[in-house]
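>>> got a predicted structure here, sequence first:
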Amino acid sequence: MGKLNYTKTLRELGIAYLGNHSQSMKMKLSTANGTITYSLYLAPWNLSGYQVCPGGQYCHKFCLNGSGHNKAEILANGVELSKINMGRVKRTKLFYENKPLFMQLLIHEINKAQRYAQKHNMEFSVRLNCTSDLSPKAFVYEGKNILEIFPNVQFYDYTKVYNRIELLKEYSNYHLTFSYDGHNFDKCKEFLSNGGNVAVVFANQEMIPMRFAGYPVCDGNLWDMRYLDPKQHVVALHYHTTAANYDRNGNYIEPDDDFVISDENELVEWYAD
Ligand code: SF4
């Protein structure tokens, strides 16, 4: 493949960038706490025509893809005509339809973001699956996957694909947090008993529990650097509404699934007053 003309390529693709940093509130909190995280947002589930969330059968409806700026975009223009979704679909199609070009852009941008972090004396990490759940082994260029291309960079993801745990044995620069989806409690317990962490969404917006299902809980709302969390913890996340929580008239719709843990859940232990 020839030398990449980054600006011209992006113009031809009709996107401003592939990934970026400090895009979400949580990433901004990471930045405020000294870490630049290069973040990639693909089109989740099968929105692009390609399935990027193999464990997403229960979570795709209330996926955080529909939160933040995109919530307003989707509510105003619909899922398909949201400009943010359209950009994410373009990136996802590029990933499947021209992987060498996608990877050239990705490598270029990670290098650029890393230089930016160094210049500002900040830590650096990469999260490729902000709105997808793909193996980093799928991000391949010239026979090497992205974890091998950047062996000194900290990569991390949340996942609902249990077997990804195997990657942790192979790559010391990769961190995974398994996610509770309301239906995978046994797998969550297995992940925890193997020393891993599990992200759980709690309805309470003010406090986090002391323990959940017998495991200590840490606060996952302070920033997004999950690789800094203490091991074998439940990572508490606040529930964020998405476009799927509102009907055409703007009325709130409760999620029809039980992935959000209520204050009354019998597995929750609160701190004593
Ligand atoms: S796996 Fe993650 S990105 Fe995919 S649909 Fe579920 S919540 Fe969204």
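Looks like it arrived, so ask away. Bear in mind the structure is a predicted one, so any value in this text is a computation, not a measurement.

>>> so which bits of this structure are right by the ligand?
Within the chain, the residues that sit near the ligand (C-beta under 6 Å from any ligand atom) are 44-45, 53, 55-56, 59-60, 63, 65, 131-133, 160. Where you see a C-beta, it was placed from the backbone N, CA and C, and this is true even at glycine.

>>> grab the nearest non-local neighbour of residue 148.
Distance criterion C-beta to C-beta, 6 or more residues apart in numbering; nearest residue to residue 148, sequence neighbours excluded, is residue 171 at 8.0 Å.

>>> what about that neighbour, neighbour count?
By the criterion of other C-beta atoms under 10 Å, residue 171 has 16 neighbours.

>>> and for residue 144?
Using other C-beta under 10 Å, residue 144 has 13 neighbouring residues.

>>> now do stretch 63-82, average pLDDT.
Mean pLDDT, stretch 63-82: 88.

>>> please state the offset of it from the chain centre?
17 Å (C-alpha atoms, centre = their mean, to the nearest Å).

>>> how about it: buried residues?
63-68, 70-71, 73-75, 82 (16 or more other C-beta atoms under 10 Å).

>>> can you show me the CA trace of that stretch as CSV?
Extracted C-alpha coordinates of stretch 63-82, given in CSV (Å, rounded to 0.1, in the frame of the first residue of the first chain):
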residue,chain,number,x,y,z
CYS,A,63,-26.8,1.0,23.8
LEU,A,64,-24.9,4.1,24.9
ASN,A,65,-24.5,4.8,21.2
GLY,A,66,-27.8,6.6,21.7
SER,A,67,-26.7,8.8,24.6
GLY,A,68,-24.9,12.2,24.8
HIS,A,69,-24.9,14.3,21.6
ASN,A,70,-26.3,11.4,19.6
LYS,A,71,-29.4,11.2,21.8
ALA,A,72,-30.4,14.6,20.6
GLU,A,73,-29.4,13.8,17.0
ILE,A,74,-31.5,10.5,17.0
LEU,A,75,-34.5,12.1,18.7
ALA,A,76,-34.4,15.0,16.1
ASN,A,77,-33.6,13.0,12.9
GLY,A,78,-34.1,9.3,13.6
VAL,A,79,-31.5,6.5,14.0
GLU,A,80,-30.6,6.3,10.3
LEU,A,81,-30.4,10.1,9.6
SER,A,82,-28.5,11.0,12.8
